[in-house]
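**Q** The following block contains a protein sequence and its predicted model.
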Amino acid sequence: MAFFQVDRSQYPIGQGGFHSTVVHTSANRRLSMVVDCGGADAEHRGVLISAFAERHSPHDILAISHFDDDHINGIEELHGAGVRFNSVFLPHVEVKDYLLWMTLRFSVEDRNSYELSRLVQLGGRLYGGDFGPVVLVGSTGSTPSDDSRRGDSADDILVCCFRNNLPMTCNLSS
């Protein structure tokens, strides 16, 4: 029987997300993952990121749950502090959906165009691989006959791995 230990930290970032997990196996192997890196208060976020960068290295995965700024606005600071990742897991987002989301944010939030432009550029850097090789996670686009079940099955999940600019896809249920 294999045993493993999981160390999980949820950093007190305030509004937003910054979590790390390390899975240690009995064979002295480890998997290190950071989920989201953001927070509303830049000064407080910077202190937490600096402390994290001094103690933790290297990392296997950076996983971004979604693109609200309080989940991604610390990524450049994390990178600037020398933290590197072997893979960056990002949600698969259709361009038209992303543009609609950004348009809605611009129209209803009290934000200037510079702030929204910065978010779009950061998203571009993430998808462009600036922070590590990209793995896209999202829907296959197939529509189950019962829409209430959408996303409930591994058959509905698609992972695209970009290596040398060649997308590779696989069905997780196989």
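**A** Thanks, I have it.

**Q** so what's the spatially most central residue of the chain up against?
**A** Of all residues in the chain, the one closest to the mean position by C-alpha atoms, centre = their mean is I64, 1.3 Å from it. By C-beta atoms under 8 Å, 6 or more residues apart in numbering, the contact list for I64 reads 35-36, 71-72, 75, 88-91, 126. For every residue, glycine as well, the C-beta is placed using N, CA and C.

**Q** Give me the phi and psi angles of it.
**A** phi -110, psi 120 (degrees, to the nearest 10).

**Q** Next, find the distance separating it from R125.
**A** Distance from I64 to R125, counting by C-beta to C-beta, to the nearest Å: 12 Å.

**Q** same deal with S65?
**A** 17 Å.

**Q** Repeat that for S20.
**A** 21 Å.

**Q** For these two, indicate the residue with more neighbours.
**A** S20 (18 against 14; other C-beta atoms under 10 Å).

**Q** So which bits of the helix or strand encompassing the more buried one are buried?
**A** Counting by DSSP states H and E, the element that carries S20 is strand 18-25. Residues of strand 18-25 classed as buried by neighbour count (16 or more other C-beta atoms under 10 Å): 18-22.
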